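Trainee: below are the sequence and a predicted model for it; my questions follow.
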Amino acid sequence: MLKVTRRALLTTAAGAAAAGYVLKTPAVLAQAAPLKLKFGNDLPATHSVNVRLREAVDAIAAETKGQVEISLFPNNQLGSDSDMMTQLRSGALELATMPGTVMSTLIPTASLTGVGFAFTSYDKVWAAMDGEVGGFIRRNMEKVGLVPFESVWDNGFRQITTSTKPINTPADLANFKIRVPVVPLWVAMFSAFGASPISVPLSEAYSALQTKIADGQENPLALIESAKFYEVQKFCSLTNHSWDGFWLLSSGKIWKTIPQDVQKLLQTTFNAAAKKQRADIVQANADLQKSLEGKGLTFNKTDAELFQTTLAKTSFYKDAKAKFGDEAWSLLQRYAGNIS
């Protein structure tokens, strides 16, 4: 995909050295034609991930003097998450962000961090994701031809919104029609509570709520706001039932054609943007409840321990451990604490 003229690169480097400068600009600047990359995700353009991605894309363009052009396609413009995952693996799409739980249909361990009521704080989340749990999941992603970047972006702790009633206790989920992503782990979790989970891609979730295919859904506050679910929901129950992150991924077929210094620039810039986006979510969570209340949502708090205890009485955790395997489960508990 990208051909860098070695002679031109060496000549440029020699000239810079002779002039007393250290060459810091990417080798792609030796190219006549820009390197063009497509970047897709399923998030609204206003979501903090896309805000920080646009900043990073602009920074990369400036650093390379326009020789690396990254076009961002939010809101499933390039297809569903499964479509984009197929495109990444084939080399038809160069870059994407997507939740680990959604990737679990291809890479089961990618949903490990989404186990119900596993994490209770961001301290535990980032220790795990920047540590051994993140490394374990990345290695499994690499096995299917994907290149995951080091820093995971924040999707946030998830809450339940409804159009019919607040969810105060686990009993309120009985027979409740709730939209969930196409994620087997979460289908199993809500089924264990006695709910009726309906798997619908994010791009179709608003319509499903509007037409009463589902009476509720679950997502972090940032996505509830950016997807405008408050327009078709009345209540928001603060359950913190699960955490998930967005992985920034490159196609393995494309990545190996990109010069190493350009790879390093992409990694450095996007990883730094991920850290900023994590801070955005922390700040947003402090403000979003008030904002969403102003848009008509009524909030209620719940007892996470009650939900976790109820879930533990089912086979959910036993089944999850069997699915993920002893190694993965042991790593998760090392950071999240005992889960049973």
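Mentor: Yep, that arrived. From a predicted model like this one, the values you see are computed outputs, not experimental measurements.

Trainee: the nearest residue to residue 275 once chain neighbours are set aside in helix, strand or coil?
Mentor: Spatially, and ignoring its direct neighbours in sequence, residue 275 is nearest to residue 151 (6.1 Å; C-beta to C-beta, 6 or more residues apart in numbering). Quick note: C-beta positions are derived from backbone N, CA and C, even for glycine. For residue 151, the assignment made with DSSP: H, G, I helix; E, B strand; the rest coil gives coil.

Trainee: count of neighbours near residue 151?
Mentor: Neighbour count of residue 151, defined by other C-beta atoms under 10 Å: 21.

Trainee: with residue 50 instead?
Mentor: Counted with other C-beta under 10 Å, residue 50 comes out at 22.

Trainee: how close does the residue nearest to residue 275 sit to residue 272?
Mentor: Distance, residue 151 to residue 272, using C-beta to C-beta, to the nearest Å: 8 Å.

Trainee: same thing with residue 47?
Mentor: Computed with C-beta to C-beta, the distance linking residue 47 and residue 272 is 18 Å.

Trainee: and these two? Which one has more around it.
Mentor: The neighbour comparison of residue 47 against residue 272 (other C-beta under 10 Å) goes to residue 47, with 25 against 15.

Trainee: need phi/psi at residue 72.
Mentor: For residue 72, the backbone dihedrals (degrees, to the nearest 10) come out as phi -100, psi 130.

Trainee: revised request: answer the last question for residue 196.
Mentor: According to degrees, to the nearest 10, residue 196 has phi -120, psi 80.

Trainee: now do the contacts for it.
Mentor: 175, 176, 177, 178 (C-beta atoms under 8 Å, 6 or more residues apart in numbering).

Trainee: partners of the residue lying closest to residue 233 once chain neighbours are set aside in the sheet?
Mentor: Leaving aside its sequence neighbours, residue 233 sits nearest to residue 161 (C-beta to C-beta, 6+ apart; 4.1 Å). For residue 161, the beta-bridge partners are residue 217, residue 236 (DSSP bridges).

Trainee: roughly how far apart are residue 161 and residue 311?
Mentor: 20 Å.

Trainee: these two - which one has more neighbours?
Mentor: Taking other C-beta under 10 Å, residue 161 and residue 311 do not tie; residue 161 has more neighbours (27 against 20).

Trainee: from residue 299, how far out is residue 290?
Mentor: Residue 290 sits 10 Å away from residue 299, going by C-beta to C-beta.

Trainee: same question, residue 265
Mentor: From residue 265 to residue 299 the distance is 43 Å (C-beta to C-beta).

Trainee: more neighbours, those two?
Mentor: Per other C-beta under 10 Å, whichever of residue 265 and residue 299 has more neighbours is residue 265, with 21 against 16.

Trainee: the residue nearest to residue 275 against residue 269, yeah?
Mentor: No - Residue 151 is not in contact with residue 269 according to C-beta atoms under 8 Å; the separation is 10.9 Å.

Trainee: pull the residues that contact stretch 114-126.
Mentor: Here stretch 114-126 has contacts from 100-101, 104, 113, 128, 157, 183, 185-186, 189, 240-245, 278, 282, 304, 307-308, 311, 316-317, 320, 332, 335-337, 339, using C-beta under 8 Å, 6+ apart.

Trainee: mind redoing it with 7 Å?
Mentor: With contact meaning C-beta atoms under 7 Å, 6 or more residues apart in numbering, stretch 114-126 is reached by 100-101, 185-186, 189, 241-244, 304, 307-308, 311, 316, 320, 332, 335-336, 339.

Trainee: narrow the residues you listed to those in helices?
Mentor: Members of the contacts of stretch 114-126 lying in helices (criterion: DSSP state H): 100-101, 185-186, 189, 304, 307-308, 311, 316, 320, 332, 335-336.

Trainee: among those, the buried ones, what's the ChimeraX command?
Mentor: Buried residues within the ones in helices among the contacts of stretch 114-126, by 16 or more other C-beta atoms under 10 Å, are selected in ChimeraX with:
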select :100,101,185,186,189,307,308,311,316,320,332,335,336
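
Trainee: now distance to residue 136 and pLDDT too, for the ones in helices among the contacts of stretch 114-126, in CSV please.
Mentor: Shown next, in CSV, are the ones in helices among the contacts of stretch 114-126 (distance: C-beta to C-beta, whole Å; pLDDT from 0 to 100):
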residue, distance to residue 136, pLDDT
100, 12, 93
101, 16, 90
185, 16, 95
186, 21, 96
189, 21, 98
304, 25, 93
307, 27, 97
308, 23, 95
311, 24, 97
316, 21, 98
320, 15, 96
332, 9, 97
335, 11, 96
336, 14, 94
